[in-house]
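Asks: give me a model of this one.
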Amino acid sequence: MIVQFHISWRIGPGQGHIAVTNGEIAHLAIVQGSGSCEGERFFAAEEAFRLEVAVRLIPSDAKDVPVVTVDTDRPFSFFLRDVNDVQPIFIPAYEVAVLVPEDQRSYEQIGTDIAERKLVSDYRMMESEPEESFENAAIHTRELKSETWLGVSRDMRIFEVGFRGIGAETVEERLWDWIQPRFHGHEATLPENEGKPVSYRYMIGRGIGCTTGVTRRLEDGCLPILYTEIADNDIRYHVTSFVSYEKSPLNRTTLKGTHYLIADGFGHGHMFTEGQAAERELLLSDEGDDEEETVLYSRVIAANKAKVPRYAWFKNVIPNAYVLNNDQSYTFDGQTGFVQYSEERVCCVSKLNGNALTNEETAILLMPGQTAIFEFYLPHRPISRLRAEGLMAQCFEARLEECRDFWRDKLNGAASVKLPEKRLEEMLNAGLLHLDLVAYGTEPAGTIVPTIGVYTAIGSESSPIVQFMDAMGWSRTAERALQFFLEKQHENGFIQNFGGYMLETGAALWSFGEHYRYTRDEDWLVRVKPGLLKAYHYLVEWRNRNKRDDLAGKGYGMLEGKTADPEDPFHSFMLSGYAYLGMSRLAEMMTSIDPAISDEIRTEAEALKTDIREALFATMARSPVVPLSDGSWVPTVPPWVEHKGPLSLYAEGGKWLTHGSVVARDSLLGPLYLVLQEVVQPDEMIAEFMLNVHHEFMCSRNVALSQPYYSIHPWIHLKRGEVKPFLKAYYNTFAALADRETYTFWEHFWHASSHKTHEEAWFLMQTRWMLYMEEGRELKLLTGIPRNWLKDGGVIEIKGAATYFGPLTLHVEARAGGRVIVAKVVCDSARRPESLSVRLPHPNSIQPVAVSGGRYLATDECVRVDAFEGSAEITLTF
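Replies: Purely as a prediction, here's the structure:
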């Protein structure tokens, strides 16, 4: 079978070569311009040039789709099947078009015809739309509700709390209000339940009906103290839930925590060397029974809002209640209010109006305005009757107050951020505490495992967790979390903690480098240097195994291996990019304490960067171009060098659907990471190509599918100064993935893996970058904020946030009916930035008539202070 097409260049590309998979070049001829052809090669003069090509397809059983590669100084490829008589393959970036022989238009004519259609790419369309807001995003995205995790920090004895099926996985749980004790990633089991997980269930009010009537909120909008209101006709049930200790007061001196290795083993996907496994077993054998349990304290206040008497109902907490409510594994003692498996195994104590609950199921008649108070205290594991009596004597209000003080004390030790958008301010604080809630380790010092939801720590997914702790001034906590990766490091220098992932070594080195940028702590650096150098040498040996001639342009010097859940043992750009980023940061760290090794590492890192870029451009040349909404076509890049183009286009067949999306590997593990990893600059043409392809093929509302926070494109938007695309991704992602009442993040859109702190931490880091971002020796402030934050009365305040240049204080206020915006900045450490820029966009997009304190840059709507001396006061008058 012979297939013909023409290639039309605006200016001839010089010499070139054409090849096709599953076929051969049958004929080349010059239709326009001067030059020559010989076999598969051609020469074109520097003038308008058109080439006629005939391809003979070779019958094959291979799944490969015929792809034509045009190898010139600007090489490109395309699917032969994509050549059509409706719209030519038009690549303005390369000034070339591919079209059917019957289409006699020149390259310029094609460009003119497409321009007259006034098409706009989806990517550029965002620039013409109003700035995104949470309110608009919430209308257009799905709403996910999640159960709430409550605990005391550092301690892996966690409680999940859900109401009326929120977050529930089983039919039984969806029928009840419920509590699930957990040892981090695993549900707590009991011998009374044949060693299976136990879930405690109860019922507030009459039961499940046609309305849910449940609203929830965290105390102060951020503390791990859950307030729930259940509306059941005229009765309002107000529920307060939190976790504290059984006997001891909850404060920083009594906090005990869980050894990081023990907690690590209770995280899904954990990996141990033989030595680590043996050490953990020894720790477990010494752990024994805890003398004190963590306890879920819950109080329900039922209030009659009617003008006539009404009944309130309470069903007490029982283990593993089923549909028929006939479980016999426990007994209820109406004399004491105890729920127990045996005389010495009490699993819950309950009160009604301050006295022991006498009936497992209760109806109370309330007069108008009257209330009834139902309380239950649920230890993480059953306790003796003597301890249960002590628990029954606890004062709910006193415990609640100390819990408030405990969490507020943690926030008081972090940077303070106040924003015009209250939701985001609360989410920043709630997020920091969510990260801390599942960062396990013994107190007051020692290693912490920065876990990620039900999973253990991962060098890649834990990176934003540790980095946000650093950004909020928790440098000591971040240091302890980083120590986990050295404690778990293999003897050969390899860092691997989770599910066979191979990218943790480079990603962990990146986080070590970021920590050093924040702290400049050379004493710490000297202590961790041996482990960091072991990691470096491991990466070098890995690279050396791939310095083979047969890998030239196909992964030479790159690393091969699995990057995430899918078993893809290829030379992926994400894997090697993290190795480069980690080595680059390591070279930077070593500059002051070991200049010689720093130079060695930097040389090796730059060589790796060169190898990655050579493979990247060679792979892009082999990968088919794709159409955009503006009528143009752009090149593509696969996630690894062994493939042609995005996997989801099936150039070589395959089964690529995973985690609910056919584009997951292309998007979430794809080549865009190379921009974050500093292999590709944000303003390079290839970055533009990848952003366009990603937005149109792999996003909805500029949000990646499946596990969207694995996509790094919002950061790239900020680096490119693209505020509207950033805000589009920013708001639509968290509006769809985070519980809008409690701010708990899911991992996926399909209710998989709640309290996923990796996702939450990327949201937090996006917010950090939106507020402040370093670039070389310049500190850039408010780079991505919505302009409506600066309407009259709007205030933005940051106190004590950590930057690469030291602590930052910022106060911005819009005054005088929006006619004046004042910004005060202090960043006066010895390593303060050389220059400062503050973006201050007016809500009405107008330019100031007067500027003081710096040089106004109209294009960026920012004021630049070129010789920053540690403080600045800027005033814009409109």
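
Asks: now do the contacts for the residue lying closest to residue 816 once chain neighbours are set aside.
Replies: Spatial nearest neighbour of residue 816, excluding adjacent residues (CB to CB, 6 or more residues apart in numbering): residue 792 at 7.6 Å. Every residue, glycine included, has its C-beta placed from N, CA and C. Counting by CB atoms under 8 Å, 6 or more residues apart in numbering, residue 792 makes contact with 814, 815, 816, 817, 818.

Asks: can you select the buried ones among those for me in ChimeraX?
Replies: The ChimeraX selection below is limited to those of the contacts of residue 792 classed as buried (16 or more other CB atoms under 10 Å):
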select :814,818
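
Asks: how about the helices in the stretch 301-450 of the chain?
Replies: 385-392, 396-412, 422-437 (DSSP state H, counting those that start in this stretch).

Asks: give the buried residues for stretch 221-239.
Replies: In stretch 221-239, counting by 16+ other CB under 10 Å, buried: 222-230, 232, 234-239.

Asks: same question, stretch 32-41
Replies: Buried, per 16+ other CB under 10 Å, within stretch 32-41: 32, 33, 35, 37.

Asks: give me the pLDDT for residue 60.
Replies: For residue 60, the pLDDT comes out at 79.

Asks: quick check: closest non-adjacent residue to it.
Replies: That would be residue 22: by CB to CB, 6+ apart, it lies 5.1 Å from residue 60.

Asks: show me where pLDDT drops low in the stretch 551-700 of the chain?
Replies: Under the criterion pLDDT under 70, no range of the stretch 551-700 of the chain is flagged.

Asks: let me redo that: the stretch 351-500 of the chain
Replies: For the stretch 351-500 of the chain, no range has pLDDT under 70.

Asks: could you pull out the helices for the stretch 451-600 of the chain?
Replies: Going by DSSP H, counting those that start in this stretch, the stretch 451-600 of the chain shows helices at 463-471, 475-487, 504-519, 522-545, 573-590, 595-622.

Asks: between helix 522-545 and the third one, find me the angle.
Replies: The reference is to helix 504-519. With axes from the mean of the first three to the mean of the last three CA atoms, to 10 degrees applied, the angle from helix 504-519 to helix 522-545 works out at 150 degrees.

Asks: what helices and strands are in contact with helix 504-519?
Replies: The elements that helix 504-519 packs onto, with contact taken as 3 or more CB pairs under 8 Å, 6 or more residues apart in numbering; DSSP states H and E, are helix 463-471, helix 475-487, helix 522-545, helix 573-590.

Asks: quick check: mean pLDDT of that helix?
Replies: On average, helix 504-519 scores 98.

Asks: where exactly do the helices run in the stretch 151-300 of the chain?
Replies: With DSSP H, counting those that start in this stretch as the criterion, the stretch 151-300 of the chain has helices spanning 171-174, 260-265, 274-287.

Asks: could you dump those helices into CSV with mean neighbour count, distance to residue 580 and mean pLDDT added?
Replies: Listed next are the helices of the stretch 151-300 of the chain as CSV, based on neighbours: other CB atoms under 10 Å; distance: least, CB to CB, whole Å; pLDDT from 0 to 100:
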stretch, mean neighbour count, distance to residue 580, mean pLDDT
helix 171-174, 16, 46, 72
helix 260-265, 26, 28, 98
helix 274-287, 12, 28, 92
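
Asks: what would those helices look like in TSV with distance to residue 666?
Replies: Listed next are these as TSV, based on distance: least, CB to CB, whole Å:
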stretch	distance to residue 666
helix 171-174	36
helix 260-265	32
helix 274-287	35
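
Asks: now for residue 60, how many residues are close by?
Replies: 11 (other CB atoms under 10 Å).

Asks: what about it, distance to residue 744?
Replies: Per CB to CB, to the nearest Å, residue 60 is found 51 Å from residue 744.

Asks: excluding covalently adjacent residues, which one is nearest to residue 77?
Replies: Closest to residue 77 by CB to CB, 6+ apart is residue 69, at 4.4 Å.

Asks: tell me the average confidence for the helix or strand where the one you found lies?
Replies: Element membership for residue 69, per DSSP states H and E: strand 67-71. Strand 67-71 carries an average pLDDT of 97.

Asks: contacting residues around the very next helix or strand once past that strand?
Replies: Using DSSP H and E, the helix or strand that follows strand 67-71 in sequence is strand 76-79. With contacts defined as CB under 8 Å, 6+ apart, strand 76-79 is touched by 65-70, 89, 91, 94, 96, 98, 621-625, 633, 635, 644-645, 649, 651.

Asks: sorry, back to before: the helices of the stretch 451-600 of the chain: which one's closest to residue 204?
Replies: Nearest to residue 204 among the helices of the stretch 451-600 of the chain is helix 463-471 (34.5 Å), distances taken as CB to CB.

Asks: contacting residues for residue 359?
Replies: Contacts of residue 359 by CB under 8 Å, 6+ apart are residue 334.

Asks: same question for residue 686.
Replies: Neighbouring residues of residue 686 by CB under 8 Å, 6+ apart: 616, 617, 620, 635, 637, 680.

Asks: among the residues you listed, which pair sits farthest apart?
Replies: The widest separation within the contacts of residue 686 (CB to CB) is 13.3 Å, between 635 and 680.

Asks: and the two? Which one has more around it.
Replies: Counted by other CB under 10 Å, residue 635 and residue 680 do not tie: residue 635 has more neighbours, with 28 against 25.

Asks: tell me the spacing between that one and residue 423.
Replies: Per CB to CB, residue 635 is found 40 Å from residue 423.

Asks: how about residue 145?
Replies: From residue 145 to residue 423 the distance is 16 Å (CB to CB).

Asks: okay, these two: which has more neighbours?
Replies: residue 145 (21 against 15).

Asks: I figured that one hits residue 738, correct?
Replies: No - the pair residue 145 and residue 738 does not pass the contact test of CB atoms under 8 Å, sitting 10.2 Å apart.

Asks: confirm residue 680 sits in a helix?
Replies: No - Residue 680 is assigned coil when assessed by DSSP: H, G, I helix; E, B strand; the rest coil, not a helix.

Asks: spatially nearest residue to it, not counting backbone neighbours?
Replies: residue 674 (4.5 Å).

Asks: again, but for residue 172
Replies: Once flanking residues are discounted, residue 172 sits nearest to residue 322: 5.4 Å by CB to CB, 6+ apart.
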